[in-house]
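Asks: could you look at this predicted model? Sequence included:
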Amino acid sequence: MMRHWTVPAVLGVLAAVLTVWCLGVLEVLLTDGLGSAALTVPALRLVYAAGPAVLCAVPLVVITRAVLPRAGGSPGVYALLGLVGGALVGVVQTGVLLSAWPWELSAAAAWEMVGLPALGGLVGGVVAGVVRARRSPRDLAAARDR
């Protein structure tokens, strides 16, 4: 059962991380121009989000294992799970790093702390859903038999 959804999950997490990092690079390039900060600032933001993401891992796995068998494995379900997961990481990140709730922040800070992880989670969920949908039924049956 574990291998049945591990590959889509790993690729979804990678897509989410790359999405958030690329959006951070774009933001730095637009505000500060080309320089070393374009690579280091977004990477530092990912390091800050790593701890809250680890804190959210077990609840997200529990939610996913409860939802997927009931709702099916369509890309839309994965996208919704990714959105919820990203938003949860953003809320926990806000609480851990700023000791605040997201609604107590300015719009720009709330977007950076909650919006970007939620958007990354949405992209990651879509990627995971597409990867899961593209796997052949034979591959899935072989994964279940292992």
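Replies: Structure received.

Asks: show me which helix runs longest in this protein.
Replies: For the chain, the helix that runs over the most residues, judged by DSSP state H, is helix 37-71.

Asks: going by neighbour count, list what's buried in that helix.
Replies: Applying a neighbour-count criterion of 16 or more other C-beta atoms under 10 Å, the buried positions in helix 37-71 are Ala38, Val41, Pro42, Arg45, Ala49, Pro52, Ala53, Cys56, Leu60, Thr64, Leu68. The way it works is simple: take the backbone N, C-alpha and C, and place the C-beta from them, glycine included.

Asks: once you drop chain neighbours, what's closest to the fourth one?
Replies: If I follow you right, that is Arg45. Gly24 (5.6 Å; C-beta to C-beta, 6 or more residues apart in numbering).

Asks: list the buried ones in the strand or helix carrying the one you found?
Replies: Using DSSP states H and E, Gly24 maps to helix 2-32. By neighbour count on 16+ other C-beta under 10 Å, the buried set for helix 2-32 is 4-5, 8-9, 11-13, 15-17, 19-21, 23-25, 27-28.

Asks: what do you get for stretch 83-96?
Replies: In stretch 83-96, counting by 16+ other C-beta under 10 Å, buried: Leu83, Val84, Gly85, Gly86, Ala87, Leu88, Val89, Gly90, Val91, Val92, Gln93, Thr94.
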